[in-house]
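>>> compute the structure for the input listed below.
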Amino acid sequence: YGSPEDWEQWYQKNAYFSGPLYPYGLAALRLMFGSPVWPARILQLLLACLASSVIALAVFGFGEDLLRRGREEGGARGLAAAAILAGLLYGLYGPLVFHDGFLLRDGPVAHLSTLLLAWPLIARGRPEEKEEKREISSNEEERAAAQGGRSALFLGLLGGVAILLKQTTAPLALASLYLLSKKFSGGAKRRRIALMGALGLALPLSVLCIRNISAGVPPLTFDTRQALGLVWGNGEGASASTSPPASMGRILTEARGSTLRTARVVLEGYKDAPLDLPKLLLRKFATFFNAYEAPDNASFYFFRDRLRILRWLPVFSCLLGAGLVGLIAARMLGVLRKGEFALAVVAILTPLAACLLVFTNSRYRAAIAGPLALGAGLFILITLKALRQRRLRELGLLAVAAGALSLVPLLPSVIPAGRHRFSDAMVYATLLEGQGDRAEAAREVQRYLEEGADDSLRNAGIVSLRHWYETGNRDGANIAPEGLAPPERRLNLLQRR
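A predicted model of the protein is given here:
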């Protein structure tokens, strides 16, 4: 669609298009295994299991603290149940399980974000915290400080890796390191912890800086995708959906690869209608809290219709009410300390900011699963405690608040929210045909024609699929040659006539 010179008018030359870690990771897996597909999927699922376990550990730690403060007996079973359920809610969250099946960075971004959230929460029980009034020896204190330094170094490394994966995780990484350093008393110890965290954070980022300097790019240029995202999601005529505005090419050409210039040109487009941009942002905000899993590269609903197990997994409505109410109630009851609650808020705002800057889709929103699963675990803990103590009024308030918030995502979507896209049907039918299953390919086309009335591009879909079916032309499917059936094996209604 253009020469390198054409593209370099829009994007900075020799800078990465998107976060470099994931493509390099796939390249390494290709060298080791010949194909990155299954190794990457397995590693992503293992990372999901780790994140689920860490969420469960964090909830378990909060539960122990809650029982200890209340001097309660017999709450261990409920504590374990809350921790396990929180881990399962995260690990079995349907959209996240779905995205981990693709070679896209969004699943790993969600899992690393969850680890950045949960790691300082697990470290909350250090003996040197201010809340601990018992005396400790200087040797114990030194060992605890050394352990804290190692923990900060690991957390910094984790944050640096997450930023190289997707730079929007930077606020969460910095907030996580700050909270960990605040858990230690004494200025010298805190400075040491902060220094170790900064060192861990700098090590991965220094590799990017060295590479960029050698390529003639400013050191901390993470990617050139910000310009595209700003225009796609906010340019004049943007609709808060994944459809690009008509002004995109003109704005990118005028901006000449500069993100700041792109932002300025985008804002200039609203001079004559200054309220249109706030309205657009409000639509994105509403879309973020809607149950609809907006597709882009892949459609959650297309696969859910064909993989029955996805129908049984929890979705956004299952997490939102219990998750938000659990976090707020835990803060009000003192279960979550001020800094811990602030970190959870940052973990929610990070994917929200990504969606407001561009547009809400299922991939960008997936990282909210971590803080919501944590909140859901806290909700279960607090509910069980209220049930044991027969505080029925508190129990009723929790249930009503969580139920009301769970209904919010079910409100009508403010963007076109069709469950069908003709492109999905066309690609899948082409792949089936390429594998020799012409009858199933034909059924896939017929299924769209019968069920796809909610497609926002319905008219184009009917024309495209009838063209595919009647002429045997597969150009519209954009499938690589090895995925195409040869002309003589294609469905071709006109030829058969």
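>>> longest helix of the protein?
Longest helix in the chain by number of residues (criterion: DSSP state H): helix 37-70.
>>> downstream neighbour of that helix in the secondary structure list?
Downstream of helix 37-70, the first helix or strand assigned by DSSP states H and E is helix 76-91.
>>> could you list the buried residues of that following helix?
Neighbour-count burial for helix 76-91, counted by 16 or more other C-beta atoms under 10 Å, picks out G78, L79, A82, A83, I84, L85, A86, G87, L88, L89, Y90, G91. Heads up, the C-betas are built off the backbone N, CA and C, glycines and all.
>>> then stretch 259-268?
So, applying 16+ other C-beta under 10 Å, buried residues of stretch 259-268: T259, T262, A263, V265, V266.
>>> now do stretch 431-438
L431, L432, E433, G434.
>>> isn't the last one right next to G483, touching?
Put plainly, it is G434. Yes. Counting by C-beta atoms under 8 Å, G434 touches G483, with 5.0 Å between them.
>>> out of the buried residues of stretch 259-268, which sit inside helices?
If you go by DSSP H, the buried residues of stretch 259-268 have T259, T262, A263, V265, V266 in helices.
>>> using pLDDT, spot the least trustworthy of those.
Within those, T259 has the lowest pLDDT, namely 83.
>>> which residues sit in contact with Q167?
Residues in contact with Q167 (C-beta atoms under 8 Å, 6 or more residues apart in numbering) are G19, F222, D223.
>>> ok, the last one to G257 distance?
Plainly put, D223 is 12 Å away from G257 if you go by C-beta to C-beta, to the nearest Å.
>>> go on, the second one?
Distance from F222 to G257, counting by C-beta to C-beta: 14 Å.
>>> most neighbours among the contacts of Q167, which one?
Most neighbours among the contacts of Q167, by other C-beta atoms under 10 Å: G19, with 22 neighbours.
>>> where in the stretch 351-497 of the chain is pLDDT low?
Along the stretch 351-497 of the chain, segments meeting pLDDT under 70 span 493-497.
>>> any chance you could map the helices in it?
Using DSSP state H, counting those that start in this stretch, the helices of the stretch 351-497 of the chain run over 362-365, 369-388, 392-407, 422-434, 438-451, 458-471, 493-496.
>>> redo those as CSV? Include distance to A28.
CSV is the format used below for the helices of the stretch 351-497 of the chain (distance: least, C-beta to C-beta, whole Å):
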stretch, distance to A28
helix 362-365, 23
helix 369-388, 26
helix 392-407, 42
helix 422-434, 28
helix 438-451, 36
helix 458-471, 38
helix 493-496, 46
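>>> out of those, which is closest to V161?
helix 369-388 (16.1 Å; C-beta to C-beta).
>>> where exactly do the strands run in the stretch 151-300 of the chain?
Assigned by DSSP state E, counting those that start in this stretch, the strands in the stretch 151-300 of the chain number zero.
>>> pLDDT weak spots in it?
184-186.
>>> how about 50 then?
Along the stretch 151-300 of the chain, segments meeting pLDDT under 50 are nowhere present.
>>> helices along that one, start to end?
Using DSSP H, counting those that start in this stretch, helices in the stretch 151-300 of the chain cover 170-182, 187-214, 225-234, 248-255, 259-268, 276-288, 300-306.
>>> and the last one, which residues are buried?
Applying a neighbour-count criterion of 16+ other C-beta under 10 Å, the buried positions in helix 300-306 are F300, Y301, F302, F303, R304, D305.
>>> how about these in a markdown table, adding distance to P274?
Listed next are the buried residues of helix 300-306 as a markdown table, based on distance: C-beta to C-beta, whole Å:
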| residue | distance to P274 |
| --- | --- |
| F300 | 36 |
| Y301 | 36 |
| F302 | 39 |
| F303 | 41 |
| R304 | 41 |
| D305 | 43 |
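>>> out of those residues, who's nearest V408?
So of the buried residues of helix 300-306, ranked by how close each gets to V408 (C-beta to C-beta), first place is F300, at 19.3 Å.
>>> does that closest one touch P95 like I think?
Yes. In this structure F300 lies within contact range of P95 using C-beta under 8 Å: 5.6 Å.
>>> quickly list what's touching both of the two.
E293, S362.
>>> sorry, back to before: out of the helices of the stretch 351-497 of the chain, which gets nearest to S35?
Minimum separation from S35 across these (C-beta to C-beta) falls at helix 422-434, 17.3 Å.
>>> contact partners for the residue nearest to T360 when sequence neighbours are not counted?
Once flanking residues are discounted, T360 sits nearest to T287: 4.1 Å by C-beta to C-beta, 6 or more residues apart in numbering. Shown in contact with T287 (C-beta under 8 Å, 6+ apart): A240, A294, C355, F359, T360, S413, V414, I415.
>>> one more pass at 10 Å, please.
The contact partners of T287, taken as C-beta atoms under 10 Å, 6 or more residues apart in numbering, are 240-241, 294, 355-356, 359-361, 365, 413-415, 417.
>>> most neighbours out of the residues you listed, which is it?
When neighbours are counted by other C-beta under 10 Å, T360 leads these with 29 neighbours.
>>> close enough to count as contact, it and K284?
Yes. Using C-beta atoms under 10 Å, T360 makes contact with K284 at a distance of 5.6 Å.
>>> common neighbours of those two, please.
Counting by C-beta under 10 Å, 6+ apart, the contacts common to T360 and K284 are G233, A240, S241, L352, I415.
>>> looking at these, which is nearest M248?
G233 (10.1 Å).
>>> tell me how many other residues surround R192.
Per other C-beta under 10 Å, the neighbour tally for R192 reads 18.
>>> how about it: what's its closest non-neighbour residue?
G149 (6.0 Å).
>>> secondary structure element holding that neighbour?
helix 138-165.
>>> what's the distance between the residue nearest to A329 when sequence neighbours are not counted and K13?
Of all residues not flanking A329 in the chain, I382 sits nearest, at 5.3 Å (C-beta to C-beta, 6+ apart). Using C-beta to C-beta, I382 is found at 54 Å from K13.
>>> those two: who's more crowded?
Neighbour count, other C-beta under 10 Å: between I382 and K13, I382 has more, with 24 against 14.
>>> thinking again about what came up before, just send the contacts of T287 back as JSON lines, with distance to A322 too.
What follows is the contacts of T287, written out as JSON lines (distance: C-beta to C-beta, whole Å):
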{"residue": "A240", "distance to A322": "27"}
{"residue": "S241", "distance to A322": "29"}
{"residue": "A294", "distance to A322": "23"}
{"residue": "C355", "distance to A322": "21"}
{"residue": "L356", "distance to A322": "24"}
{"residue": "F359", "distance to A322": "27"}
{"residue": "T360", "distance to A322": "21"}
{"residue": "N361", "distance to A322": "24"}
{"residue": "R365", "distance to A322": "17"}
{"residue": "S413", "distance to A322": "22"}
{"residue": "V414", "distance to A322": "24"}
{"residue": "I415", "distance to A322": "26"}
{"residue": "A417", "distance to A322": "24"}
